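K.L.:
how would this look folded up:
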Amino acid sequence: MFSRWSNVLRRVTTAGPYLDERLSTVVLTLVVLVGICAVGYADRSATLFSLAPLYVLPLALSALVHPLRISLALSVLCLVLHNFLGPVGDAGVERIPRGAATLLGYVFVVVVVNRLGAQRRRLAELTLRQRDELAEEIQLAAEVQQNILPRSIPTVAGVEFAARMYPAKIVAGDYYGFLELADGQIGLVIADVSGKGVAAGLLMPCIEVALRMDAPRFPRTNDLLENFNDVVHQLTSGDRFISLFYGKLRPGTRSLEYTNAGHNPPLVIRGCQDPIPLDKGGPVLGVVPGSRYDTEQIDLRTGDVLVLFTDGVVEAQNPAGEEYSAKRLSGIVSSHLQRSAGELIETIRASVVEFRGTPALADDLTLVVLKSL
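P.N.:
Model (predicted):
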């Protein structure tokens, strides 16, 4: 109810198109009539000078709200009221030119304001159409983006995968993917493009296409990212960057070779031990061409959980400004190691939402969980 009357008040103060259009029009009509009555009362009280020009104020408001014919009729009404209530001046034939001039002034103001109001309404309708078209295009971009993400999760003996992306806006700047490589290896990718929304989301297809084309050509993870770094720099001219983690899992031996390009280090959570951050690599992609990257390898044990995440998880803030942190993330996973990979993702997300105190996200939240069985 408060929101409804708030819209009415805004309509009254701006005479613009808002919700509750009928109620707003009724209220504005009352304002016009009260204004005419108020000027008439003041006109009756004045004896030394005419207040005929003040009728222009309610007439102008009427011209913004009502059809032209109604405002013209009110102009005649205002002239009649002034002749009856205003100070006595010229009589007889001499009042006709003065009345005609006054009416002409009213009509001029009403016509001009009515045309301006019509133009304003046309611009408002055009703005609404453009907004709807833009919203439709953004929604289409979001659907294309969702189609870029993996439609299925790899099924590998002894390893369980799960992944999920929760966009902060309609179009996200995060990415995750699984690449089927030679000898049964699985490529794991998680990335975060600088910025949010459509501008960041436009780079996601580049990540997908470049990795799928180049991953089979580079036997080592660091070689792939050194090449991809130069590609990103050419595409963005250094104006944007991508943080990315790329790993190659050999399911038979459960060994993971990886390179971290400035991304939040994924965590290997192993029972009661401290989490192991996978932080070997180099800088973010796209800033410095020709950058070199290191590679590292880790062997996963039975019961290990590997969590890949974007900064929308660990940098989520509560109302006090405290960050969620990697420590809190590892603690949540460590206390729920018996759960499946998919259940762990839902548990982490629920924990982040509870920590923030609202389901609304300030940044894209993406999780990839690998559980060694």
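K.L.:
Got the domain ranges for the chain?
P.N.:
2-141, 150-372 (automatic domain parsing).
K.L.:
Determine the next helix or strand in the C-terminal direction from the helix or strand hosting residue 328.
P.N.:
Taking DSSP states H and E as the criterion, residue 328 maps to helix 326-334. The first helix or strand that comes after helix 326-334 along the chain, using DSSP H and E, is helix 341-356.
K.L.:
for that next one, packing partners?
P.N.:
strand 159-166, strand 305-309, helix 326-334, strand 365-372 (3 or more C-beta pairs under 8 Å, 6 or more residues apart in numbering; DSSP states H and E). Any C-beta I mention is one placed from the backbone N, CA and C, and that applies to glycine too.
K.L.:
from the middle of its chain, how far away would that helix be?
P.N.:
22 Å (C-alpha atoms, centre = their mean, to the nearest Å).
K.L.:
list the buried ones in it?
P.N.:
Using 16 or more other C-beta atoms under 10 Å as the burial criterion, the residues of helix 341-356 that qualify are 341-342, 344-345, 347-349, 351-353, 355-356.
K.L.:
Could I get the domains of the chain in JSON lines, plus columns for mean pLDDT?
P.N.:
As requested, these are arranged in JSON lines below (pLDDT from 0 to 100):
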{"stretch": "domain 2-141", "mean pLDDT": "76"}
{"stretch": "domain 150-372", "mean pLDDT": "89"}
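K.L.:
show me where the chain has strands.
P.N.:
Along the chain, counting by DSSP state E, strands occupy 159-166, 174-180, 186-193, 242-250, 255-261, 267-269, 276-277, 281-282, 296-299, 305-309, 365-372.
K.L.:
Dump those to JSON lines, plus mean neighbour count and distance to residue 102.
P.N.:
Below are the strands of the chain laid out as JSON lines (neighbours: other C-beta atoms under 10 Å; distance: least, C-beta to C-beta, whole Å):
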{"stretch": "strand 159-166", "mean neighbour count": "19", "distance to residue 102": "66"}
{"stretch": "strand 174-180", "mean neighbour count": "21", "distance to residue 102": "67"}
{"stretch": "strand 186-193", "mean neighbour count": "24", "distance to residue 102": "66"}
{"stretch": "strand 242-250", "mean neighbour count": "25", "distance to residue 102": "70"}
{"stretch": "strand 255-261", "mean neighbour count": "23", "distance to residue 102": "77"}
{"stretch": "strand 267-269", "mean neighbour count": "23", "distance to residue 102": "81"}
{"stretch": "strand 276-277", "mean neighbour count": "15", "distance to residue 102": "83"}
{"stretch": "strand 281-282", "mean neighbour count": "22", "distance to residue 102": "81"}
{"stretch": "strand 296-299", "mean neighbour count": "14", "distance to residue 102": "89"}
{"stretch": "strand 305-309", "mean neighbour count": "25", "distance to residue 102": "74"}
{"stretch": "strand 365-372", "mean neighbour count": "25", "distance to residue 102": "67"}
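K.L.:
Output those in CSV, with distance to residue 112 appended to each entry.
P.N.:
Below are the strands of the chain laid out as CSV (distance: least, C-beta to C-beta, whole Å):
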stretch, distance to residue 112
strand 159-166, 53
strand 174-180, 53
strand 186-193, 51
strand 242-250, 55
strand 255-261, 62
strand 267-269, 68
strand 276-277, 69
strand 281-282, 66
strand 296-299, 74
strand 305-309, 61
strand 365-372, 54
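K.L.:
For residue 130, which of those strands is the nearest?
P.N.:
Proximity to residue 130 (C-beta to C-beta) singles out strand 186-193 among these, at 26.3 Å.
K.L.:
on that earlier part again, got a markdown table for the helices and strands packed on helix 341-356, with distance to residue 34 too?
P.N.:
Output for the helices and strands packed on helix 341-356, formatted as a markdown table (distance: least, C-beta to C-beta, whole Å):
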| stretch | distance to residue 34 |
| --- | --- |
| strand 159-166 | 52 |
| strand 305-309 | 61 |
| helix 326-334 | 60 |
| strand 365-372 | 53 |
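K.L.:
Now do stretch 56-76: everything it contacts.
P.N.:
15, 25, 28-29, 31-33, 35-36, 39, 78, 103, 105-107, 109-111, 113-114, 116-117, 120 (C-beta atoms under 8 Å, 6 or more residues apart in numbering).
K.L.:
related to what we said a few turns ago, export the helix holding residue 328 to CSV, keeping only CA atoms.
P.N.:
The C-alpha trace of helix 326-334 is given here as CSV (Å, rounded to 0.1, in the frame of the first residue of the first chain):
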residue,chain,number,x,y,z
ALA,A,326,38.8,-19.3,2.3
LYS,A,327,39.2,-20.4,5.9
ARG,A,328,35.4,-20.4,6.5
LEU,A,329,35.0,-22.3,3.1
SER,A,330,37.4,-25.0,4.1
GLY,A,331,35.8,-25.3,7.5
ILE,A,332,32.4,-25.9,5.9
VAL,A,333,33.7,-28.5,3.5
SER,A,334,35.7,-30.3,6.3
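K.L.:
tell me which strands and helices it is in contact with?
P.N.:
strand 267-269, strand 305-309, helix 311-314, helix 341-356.
K.L.:
Show residues contacting the longest one.
P.N.:
The contact list for helix 341-356 (C-beta under 8 Å, 6+ apart) reads 160-164, 166, 305, 307, 309, 313, 316-318, 324, 328-329, 332-333, 336, 339, 359, 362, 365, 367, 369-371.
K.L.:
If we use 7 Å, what do you get?
P.N.:
Residues outside helix 341-356 that contact it (C-beta atoms under 7 Å, 6 or more residues apart in numbering) are 160-162, 164, 166, 305, 313, 316-318, 324, 329, 332-333, 336, 339, 359, 365, 367, 369-371.
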